[in-house]
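Q: I would like the atomic coordinates for the input below:
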Amino acid sequence: MTNNLSQNKQHIVNLLDKNELLIKADLVHLSNLTEEEIAFLDKAWQEADVKRRRKIVSHLVQLSQEDFRLDFSSLFVFCLKEDDRIIRAQAIAGLEQEENYLHIPLLIEILRKDKSTEVREAATKVLGKFALLGELDKLSQDDVSAVYSVLLEILDSDAESNQLRCQALEAVAPLNMPRVKQLIEEAYRSDDTSLKISAIRAMGINNQPFWLDTLLGELDNSEFKIRYEAVRACGELGIDMALPYILKILETGDSPMQEAAITALGEIGGEEARQALEVLKKNPKKRISNAAKIALKELDICEDPLSFDF
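A: Take a look at the predicted model:
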């Protein structure tokens, strides 16, 4: 046990040394750190070059996305007390891969007290994932209420930036809570384009059928971003009434809009969508054919999730 701990300490020293080559594969030694190893890291971390620390955390976030067996959560939580705002934001992005409800109070405190807009935006995004877990009954009611309350604080504050309020709106959107529909409607009616775009995104995330008419009406909007987000939101709703409109966009839209429409077909599903995607996967434009192949996989998973080889 002592030898293993000594080896891990040496790995930490080597990883933090800016004169040593940073090999991504060696970062697995930072998975599942013990309290004693974190205490050792605490002493060495602040003395290490900040660019090296940023690079390490950035790689850890990537590794956590690539291999779910690796657990860097203790290190990400450790990094939340970092002086460097970039590292704090990176660490929060790392926690997005987790579903640990114990992180919720930390994220709420960061959203309320951190001085960095970048860090607060990162915390808002992760709280949005917890909002979705809450709507799926994977969180306690107390945790759902805590997430809901802090996001409402942001949305109700005139002192907050539009960017943060937009993110808070999208983060709270999964919840079927009293004020969510009202907040989305208010943002949609706003004269601010960024708020309206976030409201359209939120309609898709909210996943309620009553948004469909509004979204279909925006498919002819002169603003490209609004049309684009409306297509994506129609896909998230997954209602087959949107199919004729999505198919029309495939005929008349440009490549980015067509790709959004193709993704929507995969989410809506059905035989008509499948037939269109089978044709599109033979399209000479590689981006279109690749998008169609991905959408067909999505459609297959939705129709028969047990047949998919994870």
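Q: only C-alpha atoms for contact and neighbour calcs from this point on.
A: Noted.
Q: burial count for residue 181?
A: Neighbours of residue 181 under the rule other C-alpha atoms under 10 Å: 18.
Q: any idea of the pLDDT on it?
A: For residue 181, the pLDDT comes out at 97.
Q: tell me the domain ranges of the chain?
A: Listed by automatic domain parsing, the domain ranges of the chain are 1-98, 100-187, 208-310.
Q: possible to save the ones you listed as a markdown table with distance to residue 199?
A: Below are the domains of the chain laid out as a markdown table (distance: least, C-alpha to C-alpha, whole Å):
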| stretch | distance to residue 199 |
| --- | --- |
| domain 1-98 | 22 |
| domain 100-187 | 5 |
| domain 208-310 | 10 |
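Q: Output the below-cut-off pLDDT ranges for the stretch 201-310 of the chain.
A: 253, 304-310 (pLDDT under 70).
Q: Would you mind saying which of the domains of the chain lies nearest residue 196?
A: Smallest distance to residue 196 across the domains of the chain (C-alpha to C-alpha): 5.5 Å, for domain 100-187.
Q: distance between that closest one and the chain's centre?
A: Chain-centre distance of domain 100-187: 13 Å, with C-alpha atoms, centre = their mean, to the nearest Å.
Q: now do stretch 254-274
A: Counting by C-alpha atoms, centre = their mean, stretch 254-274 comes out at 21 Å from the chain centroid.
Q: Export that stretch to PDB, keeping only CA atoms.
A: Provided in PDB are the C-alpha atoms of stretch 254-274 (Å, rounded to 0.1, in the frame of the first residue of the first chain):
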ATOM      1  CA  ASP A 254     -28.600  25.600 -47.300                       C
ATOM      2  CA  SER A 255     -26.100  23.000 -45.900                       C
ATOM      3  CA  PRO A 256     -26.100  24.000 -42.200                       C
ATOM      4  CA  MET A 257     -29.900  24.200 -42.200                       C
ATOM      5  CA  GLN A 258     -30.200  20.900 -44.100                       C
ATOM      6  CA  GLU A 259     -27.900  19.200 -41.500                       C
ATOM      7  CA  ALA A 260     -30.200  20.500 -38.700                       C
ATOM      8  CA  ALA A 261     -33.200  19.200 -40.600                       C
ATOM      9  CA  ILE A 262     -31.500  15.800 -41.000                       C
ATOM     10  CA  THR A 263     -30.800  15.600 -37.300                       C
ATOM     11  CA  ALA A 264     -34.500  16.500 -36.600                       C
ATOM     12  CA  LEU A 265     -35.600  13.700 -38.900                       C
ATOM     13  CA  GLY A 266     -33.600  11.200 -36.800                       C
ATOM     14  CA  GLU A 267     -35.200  12.500 -33.600                       C
ATOM     15  CA  ILE A 268     -38.800  12.600 -35.000                       C
ATOM     16  CA  GLY A 269     -38.600   9.100 -36.600                       C
ATOM     17  CA  GLY A 270     -41.200   7.200 -38.400                       C
ATOM     18  CA  GLU A 271     -41.200   5.500 -41.900                       C
ATOM     19  CA  GLU A 272     -41.400   8.800 -43.800                       C
ATOM     20  CA  ALA A 273     -38.300  10.100 -42.000                       C
ATOM     21  CA  ARG A 274     -36.400   6.900 -42.500                       C
END
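Q: Now it: buried residues?
A: Using 16 or more other C-alpha atoms under 10 Å as the test for burial, stretch 254-274 gives 257-269, 273-274.
Q: Could you say which helix or strand holds the most centrally placed residue in the chain?
A: For the chain, the residue nearest the mean C-alpha position is residue 125 (6.3 Å; C-alpha atoms, centre = their mean). Using DSSP states H and E, the element containing residue 125 is helix 117-135.
Q: helices or strands up against that helix?
A: Applying 3 or more C-alpha pairs under 8 Å, 6 or more residues apart in numbering; DSSP states H and E, we find helix 117-135 packed against helix 85-95, helix 104-113, helix 141-156, helix 162-172.
Q: quick one: it to helix 104-113, angle?
A: 140 degrees (axes from the mean of the first three to the mean of the last three C-alpha atoms, to 10 degrees).
Q: Please write out the alpha-carbon positions of helix 117-135 in CSV.
A: Taking Å, rounded to 0.1, in the frame of the first residue of the first chain, the C-alpha atoms of helix 117-135 are listed here in CSV:
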residue,chain,number,x,y,z
THR,A,117,-18.6,35.2,-15.6
GLU,A,118,-17.0,32.3,-17.4
VAL,A,119,-17.0,30.2,-14.3
ARG,A,120,-20.6,31.1,-13.5
GLU,A,121,-21.7,30.2,-17.0
ALA,A,122,-20.0,26.8,-16.7
ALA,A,123,-21.8,26.2,-13.4
THR,A,124,-25.2,27.2,-15.0
LYS,A,125,-24.7,24.7,-17.8
VAL,A,126,-24.0,21.8,-15.4
LEU,A,127,-27.0,22.8,-13.2
GLY,A,128,-29.0,22.4,-16.4
LYS,A,129,-28.0,18.8,-16.6
PHE,A,130,-29.1,18.3,-13.0
ALA,A,131,-32.4,20.0,-13.9
LEU,A,132,-32.9,17.3,-16.5
LEU,A,133,-32.0,14.6,-14.0
GLY,A,134,-34.6,16.1,-11.7
GLU,A,135,-37.3,16.0,-14.4
